[in-house]
Structures are given as C-alpha cells and as structure tokens.
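S.K.: Only the shape, not the letters, is given here:
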C-alpha cells in the first residue's frame, strides 16, 4: 500500500494504473467521460463513478490535476509541472503553454501579503487557430 498526500492509505489498482497511463499519453486535457470511453473496452464492468473516484485518488496523490475551464465538464491532465493553459472560448479546447512566465510570482505575492502561497494558476482565454480559420471560412 502507498499513501496519498493526505496520509490516507490506498491500494494500487489496474484501472487506476491504466487511467494514469492514458492521461499521460494525451495532451487533450480529457473529460472523465472521454477517459471512461477509452477504458471501457478493457474493463467492461467499469462505471463512470469509478473513473471519477480514481481521478480523485490520482489528484490526491499529486499525479494528476483537475482543470476547471469554465465549461460544464471538468478536464484532467497528468502534467503536474508548472505551466499555463490557453483555453479557446469558442470550442473549449485547452492547450498547454510552457514558456516560463512570472517565475517569482509566488514569492512576490507571499512577501506582499500575510498569505503563504503554495501555487498559482493562470489561464489565457481566446480563440484557437482552428476556430479562427473556421470563422474566416464562413465569411
């Protein structure tokens, strides 16, 4: 048994291992439903609830992140290194932006407040190249 960051023990499972493998293999920032669809052929008895529970465990373990992108469905990723997101306000696609910006932002905010900063998140919203191209084609 291993331990989550919360100190609670957890058991390894094949489903969770495969879920993490699939999450690590894509840059698409998938929904739980997409992950479920990928896993279902391999695990016929799988439920969407099990996918959500395993995602919660992976997040607790620090192996995955949930991205609240303003859409109806949460998105997930296995990239836990600091980076930003470009979110298309037309189609909802999420793209990683890895250029280091504001490298000392946590320290600046911590030194300016009585708050201990552990991390930050910055998302950039706009129109992705595909949606811009599609819009030009309609004109």
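M.R.: Received the coordinates, thanks. What you see is a predicted model, and the numbers here were worked out from it, not measured in a lab. Numbering: from 1, shown residues only.

S.K.: If you rank every helix and strand of the protein by mean pLDDT, what lands last?
M.R.: strand 2-3 (a mean of 49; mean pLDDT, DSSP states H and E).

S.K.: Can you give me the distance of residue 125 to residue 54?
M.R.: As judged by Cβ to Cβ, to the nearest Å, residue 125 and residue 54 stand 29 Å apart. No exception for glycine: its C-beta is placed from N, CA and C like everyone else's.

S.K.: Test my guess that residue 88 contacts residue 124.
M.R.: No - under the criterion of Cβ atoms under 8 Å, residue 88 makes no contact with residue 124, lying 10.2 Å away.

S.K.: Just want to know which of residue 125 and residue 54 has more residues nearby.
M.R.: Between residue 125 and residue 54, residue 54 has the larger neighbour count (other Cβ atoms under 10 Å), namely 23 against 11.

S.K.: Is the more buried one in a helix, a strand, or coil?
M.R.: The local conformation at residue 54, judged by DSSP: H, G, I helix; E, B strand; the rest coil, is helix.

S.K.: Residue 88 and residue 124: which is more packed in?
M.R.: residue 88 (18 against 11).

S.K.: Low-confidence ranges, the protein, go.
M.R.: The model of the chain has pLDDT under 70 over residues 1-9, 69-71, 139.

S.K.: now do 90
M.R.: Across the chain, the ranges flagged by pLDDT under 90 are 1-12, 28, 68-73, 80-83, 92, 98-106, 118-122, 134-139.

S.K.: Quick one: the helices in it, in order.
M.R.: 14-24, 32-39, 48-60, 105-112, 129-138 (DSSP state H).

S.K.: Out of those, which is closest to residue 79?
M.R.: For residue 79, the closest of those is helix 14-24, at 8.2 Å, according to Cβ to Cβ.

S.K.: ok so, going back, next, format the helices of the chain as JSON lines and append distance to residue 94.
M.R.: Formatted as JSON lines, those follow (distance: least, Cβ to Cβ, whole Å):
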{"stretch": "helix 14-24", "distance to residue 94": "13"}
{"stretch": "helix 32-39", "distance to residue 94": "12"}
{"stretch": "helix 48-60", "distance to residue 94": "16"}
{"stretch": "helix 105-112", "distance to residue 94": "21"}
{"stretch": "helix 129-138", "distance to residue 94": "13"}
